[in-house]
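**Q** pasting the structure only:
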């Protein structure tokens, strides 16, 4: 969401608000927010929709003085996926700074609280319960940005679904997450069901690939995207010539190289994270595999 910056009129020194807009991704349902944060979900969704349009002026707005409204960010902040998780936290903090510079949210300061789920579902369950305790303990909690991975989102949602908060994942792509009837869960990214067919059509129709090797990481994301990709390629009459599983966060994928080379591919698709790609690509090139 982008908005024009407000500016002052040069005529007669009068301050004129020119529709200054702030990109605000969270909302609350009432002008005054009690400590209990009691509110109805329909009202929250309406306000979130309004705030997503950025329709909050910043002209002559005083600094927030009513206290803090908390947004939790649940993501991997350590370990092999730390780069991705820290990026999400950084984006949330930047948005909060912009909101607070414009007077906060209905007079409240938006506070980002980051929690490390370590890309581990057991840890994610602990994180979700910690957030639930904060909500039940009367903290002013707007919602949760998270989780980063579908597996951790699935675990967390079993807790969040019963809380009066909004949950937005920036990256979880398992289609089933939004097919379970959760009324307070949203995502901003495409699902595997959209990504798989799109990528398959690109490989076949744009690149003209004839011999496709499908590699997938042995995690929820890799397995789910592999299934969508395989089905999409089959429907296009271009079934993979080889399907190979690799371990997530491994230091090497050397075991897969002979099978890939023997398949003589002209295109290789990795259903996995960039962390697998960083390791796999140099090993492919070192082995003389120049497939796209």
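**A** Noted; the coordinates are in hand. The structure displayed is predicted, hence computed values, not measured ones.
**Q** so where's the protein shaky on pLDDT?
**A** The chain contains residues with pLDDT under 70 at 1-61.
**Q** which parts of the stretch 51-200 of the chain are strands?
**A** Listed in chain order, the strands of the stretch 51-200 of the chain (DSSP state E, counting those that start in this stretch) span 68-75, 109-116, 141-146, 166-169, 185-187.
**Q** quick one, which of these is packed in tightest?
**A** Greatest average neighbour count among these goes to strand 141-146 (a mean of 26), per mean count of other CB atoms under 10 Å. All C-beta spots, glycine's among them, are computed from the backbone N, C-alpha and C.
**Q** about what we covered before: make CSV out of the strands of the stretch 51-200 of the chain and add distance to residue 209.
**A** What follows is these, written out as CSV (distance: least, CB to CB, whole Å):
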stretch, distance to residue 209
strand 68-75, 34
strand 109-116, 39
strand 141-146, 35
strand 166-169, 31
strand 185-187, 29
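**Q** angles on the backbone of the spatially closest residue to residue 254 that is not a sequence neighbour, please.
**A** Nearest residue to residue 254, sequence neighbours excluded (CB to CB, 6 or more residues apart in numbering): residue 283, at 6.1 Å. The phi/psi pair for residue 283 (degrees, to the nearest 10) reads phi -70, psi -40.
**Q** which residues touch residue 283?
**A** Residue 283 is in contact with 252-254, 257, counting by CB atoms under 8 Å, 6 or more residues apart in numbering.
**Q** gap between it and residue 264?
**A** Between residue 283 and residue 264 the distance, using CB to CB, to the nearest Å, works out to 17 Å.
**Q** hey, where'd the helices end up in the stretch 101-250 of the chain?
**A** Counting by DSSP state H, counting those that start in this stretch, the segments of the stretch 101-250 of the chain that form helices are 121-136, 150-160, 192-201, 220-235.
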